[in-house]
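Novice: coords please:
(one chain, ligands or ions: 2)
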Amino acid sequence: MTSIPPRETLTFPPGPAALITPYLPPNNTNTTTTTSSSTRAYPYVTLTYAHSLDASISLGPGIRTALSGPESKAMTHFLRAHHDAILVGAGTAVADDPGLNSRLAAAVAADADGGGGGRVKQPRPVVLDPRGRWAVHAGSKVVELAREGSGLGPLVLVDTGTVMEEGRRRVLEAVGGRYIALEARGERGRFEWADVLSVLKQEGLGSVMIEGGGEVINSLLAPPGNAFVDSVIVTIAPTWLGQGGVVVSPVRSTGVDGQPVAPARLTDVTWCPLGEDVVLCGRILR
Ligand SMILES: NC(=O)C1=CN([C@@H]2O[C@H](COP(=O)(O)OP(=O)(O)OC[C@H]3O[C@@H](n4cnc5c(N)ncnc54)[C@H](O)[C@@H]3O)[C@@H](O)[C@H]2O)C=CC1
Ligand SMILES: Nc1nc(O)c(N)c(N[C@@H]2O[C@H](COP(=O)(O)O)[C@@H](O)[C@H]2O)n1
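Specialist: Numbering: from 1, shown residues only. Ligands and ions are numbered 1, 2, ... in the order given. Predicted structure coming up:
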C-alpha cells in the first residue's frame, strides 16, 4: 500500500481573523449547519490575490511566483475554508498546477472525519477554460488532493463548442469533478460573469473566492465585471517584480465628457499587517 506523505497544515490567529471576517460571505462558513447567501441571485464574490509593490502577481505569464509570506498565506487558506468555491482562469491552472484546497488546520481536521460536525469544509475548485487549454491529468495537484480526500474535484467550465478528450473527462469525474458546458457569449470567446456565477449558484455554491490570474482579476476590477464583486482582499508583498510581470491594471473607460474614468475604488477599507506583508480589505465603491 502506498502511504501518502502528510501535507502541511496552517493556522490563522483569531486577532487578524477578526479583522478579515467582516469581508467574508454572510453566514460566512460553509459548514454543514449554515446556508450561505441562499436568497441572492449570484454567489457572494470575494476577489483576492497577492501582488508586489509594482502591482505584479507573477514574474511573467506562466511563471508561478510566491509573493505571500507565511502569515498571509495562512490568511488565504482561512479565506479558502470560508467559501463554497475557489475560481481561477485556465492561465493560472496551466501555469501553477494549483492545489486549490484549504490547508487550514480546521479544514484538514474536517477532512479526517468526513466534514461533519459543523466544521469547515473544503472549497469546490472552479476553472474557466473555454477552449480546453488545461490538460488536467491524474497527477495534477488538484486531482491528487481530491483523490486523497484533502480537497474537492474541480468543475471546469468549457465553451459549448469545445469537445473535451474522454481521458480528461474520466480524470475529473473519478474525483467528483466534471466539465460543464457554457456558452462563451462574451467578447473574445469569453464567458459573461453573470453566466459563470449563475452556473455556480445552480451548483449550490453560495460564495466564491476568485484568486486570479491577471485576466480574471483585471476583468473583475472594471465595469461590467466589478458589479459582481462583493469584497476585495489584496495581499501586498514588500518586493518589486520588475517589468514583464503579470500586472493588475484594469482597463479604463471614457466618461461622457471624453475624460478617462478610473475603473474602481475601494471603500470601507481595513489594513491588516501580517508578517512582512500587509493585507488590504475593502468593498468596491458603487
Ligand atoms: N499572486 C497571485 O495571487 C496570483 C497569481 N497568479 C498568476 O497569474 C498568472 C496567470 O495569469 P493570466 O495568464 O492572466 O491567466 P488567468 O488565470 O486569468 O487565465 C486567463 C485565461 O482564463 C480564461 N478566462 C479568463 N477569464 C475568462 C472569462 N471571463 N471567460 C472565459 N474564460 C476566461 C481564458 O482561457 C484565459 O485565456 C500566472 O503566472 C499565475 O501564477 C494567478 C493567481 C493568483
Ligand atoms: N495568495 C497568494 N499568494 C501568492 O504568493 C500566490 N502565488 C498565490 N497564488 C494563487 O494560489 C494558487 C496556488 O495555490 P496552491 O498553494 O497550489 O493551492 C495559485 O494558482 C494562485 O491562484 N496566492
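Novice: For Thr239, give me its contacts.
Specialist: By Cβ atoms under 8 Å, 6 or more residues apart in numbering, Thr239 lies in contact with Ser52, Leu53, Leu67. Using the backbone N, CA and C atoms, a C-beta is placed for each residue, glycine as well.
Novice: An error on my part: the question was meant for Thr48.
Specialist: Shown in contact with Thr48 (Cβ under 8 Å, 6+ apart): Thr76, Leu79, Met209, Ile210, Glu211, Val232, Ile233, Val234, Thr235.
Novice: do that again at 7 Å, thanks
Specialist: Leu79, Met209, Glu211, Ile233, Val234 (Cβ atoms under 7 Å, 6 or more residues apart in numbering).
Novice: Distance-wise, check it relative to ligand 1.
Specialist: Distance, Thr48 to ligand 1, using Cβ to the nearest ligand atom, to the nearest Å: 8 Å.
Novice: Provide the partner residues of that residue in its beta bridges.
Specialist: Ile233 (DSSP bridges).
Novice: Model confidence for it, exactly?
Specialist: pLDDT, Thr48: 98.
Novice: a markdown table for the contacts of Thr239, including pLDDT, secondary structure and distance to ligand 1?
Specialist: Listed next are the contacts of Thr239 as a markdown table, based on pLDDT from 0 to 100; DSSP: H, G, I helix; E, B strand; the rest coil; distance: Cβ to the nearest ligand atom, whole Å:
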| residue | pLDDT | secondary structure | distance to ligand 1 |
| --- | --- | --- | --- |
| Ser52 | 98 | coil | 9 |
| Leu53 | 98 | coil | 13 |
| Leu67 | 98 | coil | 5 |
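Novice: quick one: which of the contacts of Thr48 is nearest to ligand 2?
Specialist: Glu211 (3.7 Å; Cβ to the nearest ligand atom).
Novice: After the helix or strand containing that closest one, which helix or strand is next?
Specialist: For Glu211, the enclosing helix or strand under DSSP states H and E is strand 207-212. Following strand 207-212 in sequence order, the next helix or strand is helix 214-220 (DSSP H and E).
Novice: Strands of the stretch 1-150 of the chain, residue ranges please.
Specialist: For the stretch 1-150 of the chain, the strands defined by DSSP state E, counting those that start in this stretch occupy 44-51, 56-58, 85-89, 124-128.
Novice: Okay then, goodbye and thanks.
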